[in-house]
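K.L.:
The following block contains a protein sequence and its predicted model.
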Amino acid sequence: MNPDYGQANLRKIFFLFLIVFVTLLTGCWDRKEVNDLALIRGAGIDKKQNGKMELTVLLYIPKGGSSSEQGMEGPGGGGTMQTLIRSAQGNTIAEAMSILQEKLPRKIFWGHCEVFIFNEAIAKEGIAEDVDFFIRMPELRERSQLFISKERARKILSLLPPLERDLAEVVRELGEEKIGMTVTTKDFAEMLVSEAGDTAIPWIKILPPIEGQEEKRTIAYITGTAIFKRDKMVGKIDDSLTRGLLWLRDEVRYSTISVTPKGKKGFVSMKLLRANSKIVPKIRNGKWEVVLKAEADDDIMQNTTDIDVTNPKVVKALEQQLNSQLANRVNETLKEVQKDMKADVFGFADAFHREYPEVWKKEKHRWNEIFPNVKVTIASKIKIQRQGMQSGHPLISSEKGQAE
Amino acid sequence: MELLSRHLVENEAFLKSTFIDCPDVIFRSFLIGKETKALLIYTEGLANIEEIDKNVLSPLMQQETEGIPDIQAVLEQKLSVSKVKPVTDTKQTVQEISSGNPVMLIDQQLPGITIGLAKWEKRAIEEPMAESVVRGPREGFTETISVNISLLRRKIKCPNLKMKSLVVGRYSQTQIVYMYIEGIVDQHLLDEVHNRLNRIDIDGVLESGYIEEFIEDYPYSPFPQILNTERPDVAASGLLEGRVVILVDGTPIVLIAPISLYSLFQASEDYYQRFMIGTLIRWLRYILLLIALVLPSTYVAILTYHQEMLPTTLLLSIAKSREQIPFPALIEAVIMEITFEAIREAGIRLPKQVGSAVSIVGALVIGQAAVSSGLVSAPMVMVVAITGVTSFAIPRYNASTAIRMLRFPMMAAAGTLGLLGIMLGILAIIVHLNTIRSFGVPYLSPMAPMKGAEMKDVLIRAPWWSLKKRPRLTGYSNTNRQPEGQKPNPLKGTE
C-alpha cells in the first residue's frame, strides 16, 4: 500500500476531529433551558408621575411538575397561583426591562408574550417608541396583540380570570374572536408607516366582578376602539361605531343585526356569514370621493314578528333595511372619526395613492385638509341566504300584528 | 497441484497423515472381488452411511468376477448412486472428504471417485423471523446452501437462472454461490461481483456479513449498500430486476446487490397487497424515517434554543413537567435514548425465558419510575417512545440500526447548534448519501440522478400492470418486464 495513503487518511481524521471539536467549543453558549426562563405572558405599560414609564409583566409559574393534577386548584381558594406580576420603572422599556431582570431569578423570555396593554395616559403621549422595542427585539412575536386600557395596565394584568389560565390568555382569545378590532404589533407598525399613518387599537376595560366575588376574580374585555392620530391617542369610539369602522376596513367577521320590519312590532335578527367590503376612491372635478362597496350574506337567527320570512318579497324588504342600517352605522362612524377626530384609520390615503399615484404625489401634503372632506357613499349588497331550521309559518300569530 | 498416486498404499498414507487426529474421518478398506484393494474414506456425521452400505459397499464387495475391475465398469455397473464425480488431485480429495462426500480409491486405478452421499442434520424450512408478512410466502432460507438454491430455483424455473460457485475461507472452505438471470443481468455487474468475490482471502466465513463487508463500495458508511434478506421471494424479485444474489453456505441470510436507498424502505408485502395501500404504507415509512432520525434532536433543539417556536400552551405544560428535572434537555435525551437502546439490545440478547422480564422492567423504568422520580420529564419519555416505535417501522433491520445510530450525532448537533445543527446534520447525511454507490449504482437513484419513470416504484407503488420497465441502472440490458396494455378492463377481449 502506498505509505502516503495512510498519512492522508490520518490527516483527514485529524481535520474531522478538528471540525467536530470546533463546533463543540461554540457549544451551548446561548443555551437556555426552559427551567431557567421567566416566561412572560403579557406586558403592561403605565405612566408614572415622575415622567418615567412603568413596565409590568405577567409571568407564568410552572408549578405542579411531575405529579400531574396540581394545577387544577387554581388561584381560587388561595391555592397555588399560576401567575406572577412584577413591575419596574425606566425611561424606556428596554431600561425598565433590565431593571426588572434584577428582580427576577430567571431570564426574561419574551417569546411567548402575546399581549401588550398600554394605559390611556401613555397612549395619549404616543406609543411609537415602545412599539419600536416590540418590533426590534428579535425574541418578541410580531403577532402579539396591542390593547389600550382605561385602568392602569398593572391593575388589569393582576386580575385573576376565573375561566382562562391568566389574563393574557383571556385578552388574546377575546382579540382572536375578531368581534372588535384586532391589532398586532405588526399591524400597528404597518398602519404607522402607511400613507396616512393614523392608527387604531382595541380598547379594554375591567368587567365588574359578579357580586359577592373577590374583586380580582374577573377579566378585562374589549369594548370599543381607541383612535390614534399617528401614534397619539385622540379619542375613543364605542362598540357600535367600531362595527362601522370594521366595515370600512373590511374586517367584519361576526355580527348579529336586528331590524324591525316596517309597520311591525318585534325584531328579525340576522347573523352574518360572510362579508367583504372594498374602498373605491375617485377624484371627480377635484373632489375626493370614496365608494364603500360591501357585500354580505346573512342567515336569519330569530324572528319575533309575524312576518313570513320564506316569502321572497319580505326577504327583499328585510335586505333593504339591512342595507340602510349598514349605511347608518358607517355614517355615524365617519362622523366621529373622520369629521371630529380627523384620523384616517380607514386606509383612504393608501387607496388614493394606489388609484391616483400622480395626483397623490402632488397633493400628499394637503391630505390632512382633504381627508375630513372626502365624501363617502355606501353601496352595499346584503343577501339573506337562509331562513334557518324553522321554515314554516311564523310562530307568532298574526292577530298580534297587523294583517297584511 | 499434486496428483493422486496409482498406488493405493501411497494415497492412504498421504490421507492418513493429512487427517491425523481427525477421528471423525473414517478409512474403510475392502476388496472388490477377491483381490482388488479399495479404500473408502468418509467423514462421520456428514455422510449417509446407510446409503453407502447398501449402494456402494455391498455391490462392490459381492463382486464375483476375477481380475482387476475397470473403473469405468465399476461406475457403470456397480455403483448405484446418482451423483458421482472423478477426482484426480490430492487437494480436491481432501476437500471432498471435509465437506462430507465419501471418496473411493481403487488400487492401480485412477481417478478416484467422489460419491455424492453427503448428508447431515439440518434445520427445516421455517418462516423467516426478521421479515414476517401478513400476505406472502412463509418460507425462509435455511443454513444449507443447496436448500437455498433449490428455494430460488423453485421461484424461477428457467434455465436462464445461472449460478457460479466459489469457495472462500482458507480454513472454513465456505461455499459461496452467486446467482443471476442470464439475459437480464448486466455483464459488467457480473464481472464486478466475480472480481470482488474472488479478491477475498480470509481464514473463515461464518456469515454473509463477512462477505458483505469485503465487497461493499464504501466501508465507512453507516448505510448498508447491499441488501440482505432471508426471504426467497425478495431474492427472486431482485433477480428479476437484474440484480445479483449471493448465497453463503451456513447462513440463511443472502445478499442482494446492487441496491439503492429506497430498496431499504420497500417491504416485500408492498407488492402483494393492493397498490394504494402499498403506496400509503410506503409514504408512512418515509415519514417515520424522518421522525426516527430527527424527533429527539428537534425536541432538544427547540427546548434549549428555540422555545418561541412551540405553541404557548405546549411550552407551558413542558415547562411545568421539566420544573423538577436536574439535567439539561440534551443530557436528558441522551440518558433516555441510551436506556431505550439498552432495553432493545437486552431484549434481543437475553434468553427467551427472561425476555418478558426485560419488557416489564423497561416499561416500568422508562414509563413511570423515571418520571415520578424526577429524573426525566414525561414529554421526553413520549419523544423517546415515539422514536423507538418509528425506528422499528423501517422494514430492513440494518437500515433502522443506521438511523438509530445517526440519532446520537444529530442530538449532539442539536444540543450545540440548535436547529441549525440539525439542518447541518441532515445536509451532511444527504451529501454523504449522494456520494455513495452500490456496485456502481448511485445510492439515491432514481431520485438522484433523477429518473421520473422509476418514481413509480419509489414515491408510489404503482400497480403491477403499469410497472412495465425494470429499474434502469440494473436492468438496462433487458428493460421490458411486460407488454403494454395489460390494465384490467371488463370489456377486454369482447370487441
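P.N.:
That came in fine, so what should we check first?

K.L.:
Just give the number of residues close to whichever residue of the stretch 101-250 of chain A sits closest to chain B.
P.N.:
When scored by CB to the nearest CB, the stretch 101-250 of chain A has A:Gly111 as its residue closest to chain B, at 3.0 Å. C-betas here are computed from N, CA, C, even on glycine. By other CB atoms under 10 Å in any protein chain shown, 19 other residues sit near A:Gly111.

K.L.:
List the residues that contact the residue nearest to it when sequence neighbours are not counted.
P.N.:
In this structure, A:Gly111 finds its nearest non-sequential neighbour in B:Glu308, 3.0 Å apart by CB to CB, 6 or more residues apart in numbering or on different chains. By CB atoms under 8 Å, 6 or more residues apart in numbering or on different chains, the contact list for B:Glu308 reads A:Phe109, A:Gly111, A:His112, A:Glu139, A:Arg141.

K.L.:
same check, this time on A:Glu102
P.N.:
So A:Glu102 contacts A:Ala88 (CB under 8 Å, 6+ apart).

K.L.:
Which stretches in the stretch 151-300 of chain B count as strands?
P.N.:
B:161-168, B:174-181, B:227-229, B:244-248, B:254-257 (DSSP state E, counting those that start in this stretch).

K.L.:
Identify whichever of those strands lies nearest to A:Trp367.
P.N.:
Evaluated with CB to CB, those place strand B:227-229 nearest to A:Trp367, the distance being 73.1 Å.

K.L.:
Given the closest one, what are its sheet partners and their directions?
P.N.:
strand B:254-257 (antiparallel) (DSSP bridges).

K.L.:
Report the distance from the partner strand to the chain centre.
P.N.:
Centre-to-centre, strand B:254-257 and its host chain are 6 Å apart (CA atoms, centre = their mean, to the nearest Å).

K.L.:
Next: stretch A:283-291.
P.N.:
With CA atoms, centre = their mean, you get 32 Å for stretch A:283-291.

K.L.:
how about the residue of the stretch 351-495 of chain B found nearest chain A, phi and psi?
P.N.:
As assessed by CB to the nearest CB, chain A sits closest to B:Thr416 within the stretch 351-495 of chain B, at 4.2 Å. With angles defined as degrees, to the nearest 10, B:Thr416 sits at phi -100, psi -40.

K.L.:
For the stretch 301-404 of chain A, just list every one of the strands.
P.N.:
Under DSSP E, counting those that start in this stretch, the stretch 301-404 of chain A gives strands at A:375-386.

K.L.:
Show me which residues of it sit near chain B.
P.N.:
For the stretch 301-404 of chain A, the contact set with chain B under CB under 8 Å from any CB of the partner chain is empty.

K.L.:
Flag the shaky bits of the stretch 301-404 of chain A, pLDDT-wise.
P.N.:
Low-confidence segments of the stretch 301-404 of chain A, defined by pLDDT under 70: A:391-394, A:397-404.

K.L.:
all helices for chain A, in order.
P.N.:
A:3-26, A:93-102, A:120-125, A:128-136, A:153-157, A:167-177, A:185-193, A:239-249, A:312-333, A:348-355, A:357-363, A:367-370 (DSSP state H).

K.L.:
Can you tell me which of these is packed in deepest?
P.N.:
helix A:153-157 (a mean of 24; mean count of other CB atoms under 10 Å in any protein chain shown).

K.L.:
Show me the contact partners of that one.
P.N.:
With CB under 8 Å, 6+ apart, helix A:153-157 has contacts from A:42-46, A:54, A:56-58, A:85, A:87, A:117-119, A:149, A:167-168, A:204, A:206, A:220.

K.L.:
what separates that helix from the chain centre, distance-wise?
P.N.:
18 Å.

K.L.:
Rounded mean pLDDT for stretch A:268-288, please.
P.N.:
Averaged across stretch A:268-288, the pLDDT comes to 90.

K.L.:
Break chain A down into its domains, please.
P.N.:
A:35-63+A:79-237, A:239-404 (automatic domain parsing).

K.L.:
and the ones you listed, which is most packed in?
P.N.:
domain A:35-63+A:79-237 (a mean of 19).

K.L.:
avg pLDDT for that one?
P.N.:
Across domain A:35-63+A:79-237, pLDDT averages out at 90.

K.L.:
Check the offset of stretch A:30-37 from the chain's centre.
P.N.:
Worked out by CA atoms, centre = their mean, stretch A:30-37 lies 30 Å from the chain centre.

K.L.:
do the same with stretch B:332-350
P.N.:
25 Å.

K.L.:
Identify the residues contacting it?
P.N.:
Outside stretch B:332-350, the residues that reach it (CB under 8 Å, 6+ apart) are B:296-297, B:299-300, B:325, B:327, B:355, B:357-359, B:361-362, B:365-366, B:370, B:375-377, B:380-381, B:383-384, B:387-388, B:404, B:407-408, B:411, B:415.

K.L.:
got it, and stretch B:160-169?
P.N.:
B:95, B:149, B:152-153, B:173-184, B:194, B:197-198, B:200, B:202-205, B:211, B:239.

K.L.:
separation between the residue in the stretch 301-450 of chain B that chain A sits nearest to and B:Leu419?
P.N.:
Across the stretch 301-450 of chain B, no residue is closer to chain A than B:Glu308, which sits at 3.0 Å (CB to the nearest CB). Remark: distance between B:Glu308 and B:Leu419 (CB to CB, to the nearest Å) = 12 Å.

K.L.:
can you check B:Val234 too?
P.N.:
Counting by CB to CB - B:Val234 and B:Leu419 are separated by 38 Å.

K.L.:
So which of the two has more stuff around it?
P.N.:
Set side by side, B:Val234 and B:Leu419 show more neighbours around B:Val234, with 25 against 17, by other CB under 10 Å.

K.L.:
List the contacts of that one.
P.N.:
B:Val234 touches B:Glu131, B:Leu227, B:Ile256, B:Ser268, counting by CB under 8 Å, 6+ apart.

K.L.:
mind listing what the first one touches?
P.N.:
Under the criterion of CB under 8 Å, 6+ apart, the contact partners of B:Glu131 comprise B:Gly140, B:Thr229, B:Glu230, B:Arg231, B:Val234, B:Ala267, B:Ser268, B:Pro395.

K.L.:
again, 6 Å this time
P.N.:
B:Arg231 (CB atoms under 6 Å, 6 or more residues apart in numbering or on different chains).

K.L.:
what about it, which helix or strand?
P.N.:
B:Glu131 belongs to no helix or strand when assigned by DSSP states H and E.

K.L.:
What separation is there between it and B:Val254?
P.N.:
Counting by CB to CB, the gap from B:Glu131 to B:Val254 is 12 Å.

K.L.:
The second one too?
P.N.:
Here the criterion is CB to CB. By it, B:Leu227 lies 9 Å from B:Val254.

K.L.:
which residue does the stretch 251-400 of chain A bring closest to chain B?
P.N.:
A:Arg253 (22.5 Å).

K.L.:
That residue and A:Lys178 touch, don't they?
P.N.:
Yes. Contact between A:Arg253 and A:Lys178 holds when scored by CB atoms under 6 Å: they sit 4.4 Å apart.

K.L.:
how many neighbours does the residue of the stretch 51-200 of chain B found nearest chain A have?
P.N.:
Closest approach between the stretch 51-200 of chain B and chain A, counting by CB to the nearest CB: B:Arg199, at 14.6 Å. B:Arg199 is flanked by 10 other residues according to other CB under 10 Å.

K.L.:
what does chain B have sitting close to chain A?
P.N.:
B:303-304, B:307-308, B:312, B:316, B:319-320, B:322-324, B:328, B:372, B:374, B:416 (CB under 6 Å from any CB of the partner chain).
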